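> Build me a model from this:
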Amino acid sequence: MSLNETYSPMKLDLSSFSPRMEKLWPHRQNDRFAIGVSGGSDSLALAVLCKAWLANREASFEALVVDHGLREESQAEATSTVKKLKSLGIQALVLTTNAKAYKGSFQLKARQARFDALTDYCNQHSIRQLLLGHNLDDQIETFLLRLESGSQLMGLAAMPAIAAQLPDLSLWRPLLPFPKPETANFLRTQGLDWIEDPSNEKTVNSRIWFRQNRDRLENEGISSKAIAKLVDSLGGWRGVQQNTVNDFVAEEAEANRHGWVSLNTSRLSELSPLQKSLLFTQLLSWVRNAYQALSGSNLVQLEKWLSVGNTAQPMTIGGCLIAYKGDYISICREERNLPKEVSTSEASLVWDQRFLIELTTDQDITIRPLGKLGWSKLTRQERADVRTLMPPEAAYTLPCLSSANPSWQPQLLNLQQEPSEMVADRPRLTFLSNTNLLTPVFLVV
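The predicted structure is shown next:
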């Protein structure tokens, strides 16, 4: 294939969109969906297509339009877009956010504020799938940006069809195979117009420069078709790496219901450094109940620690403590930066993003991390009982009942999850992760 070939557009309509959604559908976490709609052709086309595709399925979906407030017209545009969506029979509402409080360029402020508003709404309303209108042109621009910044192969694979935002939200991009002009063509066939964001004409942003200079890149031999093919190949390679890690996790890792992981290290040497980084990203994210990206320096530190083997001292990484226990590695939350003492009379509260505490009294109680001090105050029998469930390092990070008295005596919360095992006078403690260890950072579909 000549590098100067241009890519052949895949026509966007319901017949070409449906097979894509059929592939994504089995990976849903529940049947509640939201679509981020900016008013542009991509997201509007996605909303119209999703309405038609979901019509015969027992699923709910709504369109979310963010007013970022960075332009005088943004409020009117958001209101107009919602009105148009509702006229099409699509449930829609405006989310207002203050993008001016964010740092960075105009585009960066708008993008981050919009993303935060969308994900916050989804998390607050138990929506587990957020659909975004990224298309093939966006994918190509993402590749070029990452190439410019020196990304390695995982980064050059660009955007996946599904990206998990642990613990309970995933981003879906059904339009990735379709060039941007096709979204406009589809809307024309429906007799619909859309809003063009004037900020897309400014060349201060590298993404916009790539967008406006596509012809120059083609003339230099950097063709869209060649990039699209390369990204597709890299995405497939990334999927192979993730599948290898998933198989390893299924066979060698065990998740404990109290929020820590045990990893058998006997076959760890079979994984490449890249696969190890995926493995530990996955395990650390599960323990923290939030996505934990590992930086380059973290990965160098981790690889050095693993090379020492089971004589290595425990280390902290990504907000977790990892330690060898013979031929196993235990991974638990690190004691540093845990929530401080909390007093409450609420029926329940979420602690450290990881635990749901359900109280058995309406009186004020005080919750604090057990810590090493609290551990030392437990009776010998209590410590022995806890050791049957977890290593002490994991127990240090549990919440416990306490008092403001300097000589406070900790009271362990109920560590069982089955109602039949509950102790009536003790608050119930439940680890919150809605995922399992096999939930990857991304899926290749």
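> just checking, next helix/strand downstream of the longest strand belonging to the chain?
Longest strand in the chain, counting residues (DSSP state E): strand 60-67. Toward the C-terminus, strand 60-67 is succeeded by helix 74-87 as the next helix or strand (DSSP states H and E).
> Check which element follows that following helix along the chain.
Criterion used, DSSP H and E; the element after helix 74-87 is strand 92-96.
> Can you dump the C-alpha atoms of the helix or strand following that following strand in PDB for me?
Using DSSP H and E, the helix or strand that follows strand 92-96 in sequence is helix 106-124. C-alpha atoms of helix 106-124 as PDB (Å, rounded to 0.1, in the frame of the first residue of the first chain):
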ATOM      1  CA  PHE A 106      -9.300  27.200  26.200                       C
ATOM      2  CA  GLN A 107      -9.600  23.800  24.600                       C
ATOM      3  CA  LEU A 108      -8.100  22.000  27.600                       C
ATOM      4  CA  LYS A 109     -10.400  23.800  30.100                       C
ATOM      5  CA  ALA A 110     -13.500  23.100  28.100                       C
ATOM      6  CA  ARG A 111     -12.600  19.400  27.500                       C
ATOM      7  CA  GLN A 112     -11.700  18.700  31.200                       C
ATOM      8  CA  ALA A 113     -14.700  20.500  32.600                       C
ATOM      9  CA  ARG A 114     -17.000  18.800  30.200                       C
ATOM     10  CA  PHE A 115     -15.600  15.400  31.000                       C
ATOM     11  CA  ASP A 116     -15.800  15.900  34.700                       C
ATOM     12  CA  ALA A 117     -19.400  17.100  34.500                       C
ATOM     13  CA  LEU A 118     -20.400  14.100  32.400                       C
ATOM     14  CA  THR A 119     -18.600  11.500  34.600                       C
ATOM     15  CA  ASP A 120     -19.800  13.100  37.800                       C
ATOM     16  CA  TYR A 121     -23.400  13.000  36.600                       C
ATOM     17  CA  CYS A 122     -23.100   9.300  35.500                       C
ATOM     18  CA  ASN A 123     -21.600   8.200  38.800                       C
ATOM     19  CA  GLN A 124     -24.300  10.100  40.800                       C
END
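> Output the contacting helices and strands for the very next helix or strand once past helix 106-124.
Next along the chain after helix 106-124, taking DSSP H and E as the criterion, comes strand 129-131. On a contact count with 3 or more C-beta pairs under 8 Å, 6 or more residues apart in numbering; DSSP states H and E, strand 129-131 meets strand 32-36, helix 106-124, strand 169-172. In this view, the C-beta of every residue, glycine as well, is placed from N, C-alpha and C.
> which stretches of the stretch 101-250 of the chain aren't confidently modelled?
By pLDDT under 70, the weakly predicted segments of the stretch 101-250 of the chain are 165-167, 197-207.
> can you map out the helices along the stretch 101-250 of the chain?
Applying DSSP state H, counting those that start in this stretch to the stretch 101-250 of the chain gives helices spanning 106-124, 136-148, 153-156, 180-189, 206-212, 214-219, 224-252.
> wait, doesn't E358 sit right on L432?
No: with contact defined as C-beta atoms under 8 Å, E358 does not reach L432; the gap is 11.8 Å.
> what domains does the record give for the chain?
Listed domain ranges for the chain are 14-237, 256-333, 342-431 (source: automatic domain parsing).
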